[in-house]
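Asker: sequence unknown, structure follows:
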């Protein structure tokens, strides 16, 4: 996905920064209570309907996680490869997206002429090109890194340019008068100015990078995670499938949390 | 803006487009790139003409568009309803907004194998997957829209004796609609991309299936012809959606 999610990153629902008033207080209790109730109802319903090959009860999923998924060296290797792919794709997307964003956003001419081209590519559902990535990069990690990167780079470019749009040109001139280098301008004038928009881009970029890598992993069903999910789905073995997906979900949550921690660390000067 | 400052960006964009096309010609003519990866432009044009004339084109387009439409209607209705119901109480908003936004930060593609398991390889699984993925931005923005309506506006309207429906029609809806429209737009394009993606990963019909199939059969010209259709559809839909949005915003 992506689509003209394009110009919308900044418009999307604002992230809440509400300080939790103590563990399990009011709203949090309601949230966790609902989740636990759903899990219990799920357990009861799945047991009551018996083994239908479609839905496994949570306890069976936990058992499959401990006895089937985690001890399996091949699955562990596939999961580690996926984490490496996401990390590599994200690193390239962030570095490349920032450089392209600064280059395009540097001048008004660059913004007016090149930004629409960026938005044009962002508007195309990139999944149409997925087979092309596999033809070009093979079925190994390279294709998945490239596809993840192609998803993750756009939010970074778009938000870098959006952040640069309203930099006061006088700050840049002032810095230049004081004899600062180009890199110095980027480091001390532009970067502090765009941090808010940039980190919003980084958060979306992580989700998109994971989306790209997972799409490519599922598309290539002869190896890696796609192979195991297809195998479990084809043999109607829901417990290990749910367990494998739970591990991937936990990985995705952890990766999102790391981006948020980095954001909090880098933005602490903003208070 | 002066005339020249509007002219230059267009000139640069035209140059880049022409340069890209020229590069495509030169690279394919030189034989440096395997035609399996990048066929010549004229081969793609021929394949596209043959594709549009073939019997399988419109059925495949029809299958995909119907799935997208059904998924989007489900996503929009469920998202709007959920968002509206949750924002009826500040406690519910505080309890479930983090949950909805937290799930949306996880790539829902992860759960795609479950949709295949539950709904099979047919279009139902793509419909359900697209609907679930599209639900989140709609619900999230509906929550954001209704939860951030200025309390003073609501209180003022109540003081003036507005009915519950009047409050909704004349205060809540106008205040929330820009944010909700953004959610509806993002949700639509997410439905579009996830149905295509689902078809490419595992399906028996539709545009995404045909792109993946052409790649498997090593028919790159045909694959590019399908990709051209997707790109064109994306651009037309983008233009269409922003026109609709502008019209609603103006009225």
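Answerer: Perfect, I can see it now. Only a predicted model underlies this, so the values are computations on that prediction, with no experimental measurement involved.
Asker: all contacts plus neighbour counts: C-alpha atoms, from now on.
Answerer: Will do.
Asker: Output the below-cut-off pLDDT ranges for chain B.
Answerer: B:1-5, B:251 (pLDDT under 70).
Asker: And the helices in it?
Answerer: Under the criterion DSSP state H, chain B contains helices at B:3-30, B:41-53, B:57-86, B:90-104, B:112-119, B:123-147, B:151-159, B:164-167, B:173-201, B:207-216, B:220-250.
Asker: which stretch among those comes nearest residue A:45?
Answerer: When those are compared for distance to residue A:45 using Cα to Cα, the nearest one is helix B:112-119, at 15.4 Å.
Asker: List the contacts of that closest one.
Answerer: Helix B:112-119 is touched from outside by A:54-55, A:229-230, A:233-234, A:236, A:238, A:241-242, B:125-126, B:128-129, B:198, B:202, with contacts defined as Cα atoms under 8 Å, 6 or more residues apart in numbering or on different chains.
Asker: quick one on the thing from earlier: out of the helices of chain B, which one sits most buried?
Answerer: helix B:123-147 (a mean of 27; mean count of other Cα atoms under 10 Å in any protein chain shown).
Asker: Geometric centre of chain A: which residue is closest?
Answerer: With distances taken as Cα atoms, centre = their mean, residue A:207 lies nearest the centre of chain A, 1.8 Å away.
Asker: does that residue belong to a helix or a strand, and which?
Answerer: Element membership for residue A:207, per DSSP states H and E: helix A:191-219.
Asker: buried residues in that helix?
Answerer: In terms of neighbour count (16 or more other Cα atoms under 10 Å in any protein chain shown), helix A:191-219 has its buried residues at A:191, A:193-219.
Asker: Can you name the element that comes right after it?
Answerer: From helix A:191-219 onward toward the C-terminus, using DSSP H and E, the following helix or strand is helix A:224-234.
Asker: wait, does that next one contact chain B?
Answerer: Yes - applying Cα under 8 Å from any Cα of the partner chain, one finds helix A:224-234 touching chain B at A:229, A:230, A:233, A:234.
Asker: Averaged pLDDT, that helix. What do you get?
Answerer: Throughout helix A:224-234, pLDDT has a mean value of 88.
Asker: hmm, back to that, quick one: which of the residues of helix A:224-234 next to chain B has the most company?
Answerer: Of all the residues of helix A:224-234 next to chain B, residue A:229 has the most neighbours under the rule other Cα atoms under 10 Å in any protein chain shown, reaching 25 neighbours.
Asker: filter the buried residues of helix A:191-219 by proximity to chain B?
Answerer: Answer for these near chain B (Cα under 8 Å from any Cα): A:204, A:207, A:208, A:210, A:211, A:214, A:215, A:218, A:219.
Asker: okay, those in a markdown table with pLDDT next?
Answerer: A markdown table is the format used below for those (pLDDT from 0 to 100):
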| residue | pLDDT |
| --- | --- |
| A:204 | 93 |
| A:207 | 94 |
| A:208 | 94 |
| A:210 | 95 |
| A:211 | 94 |
| A:214 | 94 |
| A:215 | 93 |
| A:218 | 92 |
| A:219 | 91 |
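Asker: Out of these, flag the one nearest to residue A:265.
Answerer: Set against residue A:265, the nearest of these by Cα to Cα is residue A:204 (17.8 Å).
Asker: I'd say that closest one and residue A:155 touch.
Answerer: Yes - between residue A:204 and residue A:155 there is a contact under Cα atoms under 8 Å: 6.4 Å.
Asker: what's the burial count for the nearest residue to residue B:219 once chain neighbours are set aside?
Answerer: Leaving aside its chain neighbours, residue B:219 sits nearest to residue B:36 (7.5 Å; criterion: Cα to Cα, 6 or more residues apart in numbering or on different chains). Residue neighbour count, defined by other Cα under 10 Å, stands at 15 for residue B:36.
Asker: Now residue B:203, what are its backbone angles?
Answerer: Phi and psi for residue B:203, reported as degrees, to the nearest 10, are phi -170, psi 180.
Asker: show me the contacts for residue 245.
Answerer: Going with chain A. B:110, B:111.
Asker: I was after chain B.
Answerer: Counting by Cα under 8 Å, 6+ apart, residue B:245 has contacts residue B:181.
Asker: just to revisit the earlier point, can you add distance to residue A:43 and give the ones next to chain B among the buried residues of helix A:191-219 back as a markdown table?
Answerer: Supplementary listing: these in a markdown table, determined by distance: Cα to Cα, whole Å:
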| residue | distance to residue A:43 |
| --- | --- |
| A:204 | 34 |
| A:207 | 30 |
| A:208 | 32 |
| A:210 | 29 |
| A:211 | 29 |
| A:214 | 28 |
| A:215 | 30 |
| A:218 | 28 |
| A:219 | 31 |
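Asker: and which of the contacts of helix B:112-119 is nearest residue A:116?
Answerer: Nearest to residue A:116 out of the contacts of helix B:112-119 is residue B:198 (Cα to Cα; 28.4 Å).
Asker: pretty sure that closest one contacts residue B:208?
Answerer: Yes - between residue B:198 and residue B:208 there is a contact at 7.4 Å, judged by Cα under 8 Å.
Asker: what sits in contact with each of the two?
Answerer: Counting by Cα under 8 Å, 6+ apart, nothing touches both residue B:198 and residue B:208.
Asker: which helices and strands does the top helix by length along chain A pack with?
Answerer: Looking across chain A with DSSP H, the single longest helix is helix A:73-105. Identification of packing neighbours for helix A:73-105 by 3 or more Cα pairs under 8 Å, 6 or more residues apart in numbering or on different chains; DSSP states H and E yields helix A:108-123, helix A:141-164, helix A:191-219, helix A:224-234.
Asker: buried residues in that helix?
Answerer: A:75-76, A:78-79, A:81-83, A:85-94, A:96-98, A:100-105.
Asker: Okay, residue B:216 and chain A: tell me how far apart.
Answerer: 8 Å (Cα to the nearest Cα, to the nearest Å).
Asker: Next, work out how far apart that residue and residue B:61 are.
Answerer: 20 Å (Cα to Cα, to the nearest Å).
Asker: cool, and residue B:98?
Answerer: Here residue B:98 is placed at a distance of 37 Å from residue B:61 (Cα to Cα).
Asker: Please apply the same query to residue A:182.
Answerer: 50 Å.
Asker: same deal with residue B:20?
Answerer: Taken as Cα to Cα, the span from residue B:20 to residue B:61 is 28 Å.
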